[in-house]
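A.B. asks: Structure for this input, please:
(2 chains)
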Amino acid sequence: DSGVTQTPKHLITATGQRVTLRCSPRSGDLSVYWYQQSLDQGLQFLIQYYNGEERAKGNILERFSAQQFPDLHSELNLSSLELGDSALYFCASSAIRDYNTDTQYFGPGTRLTVL
Amino acid sequence: DQQVKQNSPSLSVQEGRISILNCDYTNSMFDYFLWYKKYPAEGPTFLISISSIKDKNEDGRFTVFLNKSAKHLSLHIVPSQPGDSAVYFCAASAMNRDDKIIFGKGTRLHILP
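C.D. replies: Coordinates of the predicted model:
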């Protein structure tokens, strides 16, 4: 158990809809990262927040957005969903802000299926 | 364009033997490399890392070797155990740049009894 929790575990929705994925980092961790893992891709970094502020941005679509709240939990919002958005979405957390070298602890993931 | 490549989607190794997982990268700015291990239905877990100032880093049964001139790294697991069966992701980053970590697509390791 990494200490990172993600809800929901599974999500099934239709094209055009909007969903919110939630992540609670390990106790004390200030950084939260979001990743997407689809069948034909490795883990794709989407975005990082550190202590409420956006820290680094990866391959995140404009239809996607995220935020980190004062209690440090984070939400990833996916809108105008397309079939290709079906994937596993992982959240990870780390203690500090150094995205490149800090060990990240991953949650169990949310499996999103868009029908 | 894949900057981090794990060309073997899967690998089978006899229990007790050495498992060698390979990873190639194309970006010469990468100077920090990590390996993550992932079991089904779980998130990846950090395994071992190496910075480009070293060519080897060892942690118990796990050793990572880095060949900068060949832009190649490998993870050695000796001896392989049944619990090592998992997907292994190689990742790379540039420490002094505000760039993202790039992950490979993973190699599924099967440890055979």
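A.B. asks: per-residue confidence at residue 99?
C.D. replies: Using chain A. Note on residue A:99: pLDDT of 55.
A.B. asks: that's the other chain; I wanted chain B
C.D. replies: The per-residue pLDDT of residue B:99 was computed as 56.
A.B. asks: Same check on the one 10 residues further on?
C.D. replies: The predicted local confidence for residue B:109 comes out at a pLDDT of 97.
A.B. asks: Using the three-state scheme, assign it.
C.D. replies: strand (DSSP: H, G, I helix; E, B strand; the rest coil).
A.B. asks: what's near enough to touch residue B:54?
C.D. replies: Neighbouring residues of residue B:54 by C-beta atoms under 8 Å, 6 or more residues apart in numbering or on different chains: residue B:66. C-beta here means a position set from N, CA and C on the backbone, and glycine is covered the same way.
A.B. asks: any idea how far it lies from residue A:64?
C.D. replies: Between residue B:54 and residue A:64 the distance is 37 Å, computed by C-beta to C-beta, to the nearest Å.
A.B. asks: Likewise for residue B:40?
C.D. replies: 26 Å.
A.B. asks: now the strands for the chain?
C.D. replies: You didn't pick a chain, so chain A it is. Taking DSSP state E as the criterion, chain A carries its strands at A:5-7, A:10-13, A:19-24, A:31-37, A:43-50, A:53-57, A:64-68, A:74-78, A:87-94, A:105-106, A:110-114.
A.B. asks: that's the wrong chain, I meant chain B
C.D. replies: B:4-5, B:10-14, B:19-25, B:32-38, B:45-51, B:56-59, B:62-67, B:72-77, B:86-93, B:102-103, B:107-112.
A.B. asks: partner strands of the second one, parallel or antiparallel?
C.D. replies: With DSSP bridges as the criterion, the sheet partners recorded for strand B:10-14 are strand B:107-112 (parallel).
A.B. asks: what's the spacing between the most centrally placed residue in chain A and residue B:30?
C.D. replies: Closest residue to the average C-alpha location of chain A: residue A:34 at 2.9 Å, with C-alpha atoms, centre = their mean. Remark: distance between residue A:34 and residue B:30 (C-beta to C-beta) = 22 Å.
A.B. asks: returning to that earlier point: chain B: which of the strands of chain A is closest?
C.D. replies: Across the strands of chain A, chain B has its closest neighbour in strand A:105-106 (2.9 Å, C-beta to the nearest C-beta).
A.B. asks: Please work out which residues outside that closest one touch it.
C.D. replies: The contact list for strand A:105-106, computed with C-beta under 8 Å, 6+ apart, reads A:2-4, A:26, A:29, A:35, A:90-94, B:36, B:42-46.
A.B. asks: How far off centre is stretch A:62-82?
C.D. replies: Distance of stretch A:62-82 from the chain centroid (C-alpha atoms, centre = their mean, to the nearest Å) equals 8 Å.
A.B. asks: ah, wrong one, I meant stretch B:67-77
C.D. replies: Taking the mean of its C-alpha atoms, stretch B:67-77 sits 9 Å from the chain's own mean (C-alpha atoms, centre = their mean).
A.B. asks: so where's the chain uncertain?
C.D. replies: If you meant another chain, say so; for now it's chain A. Residue ranges of chain A with pLDDT under 70: A:40, A:97-102.
A.B. asks: That was the other one, I meant chain B.
C.D. replies: Low-confidence regions of chain B, defined by pLDDT under 70, span residues B:1, B:95-99.
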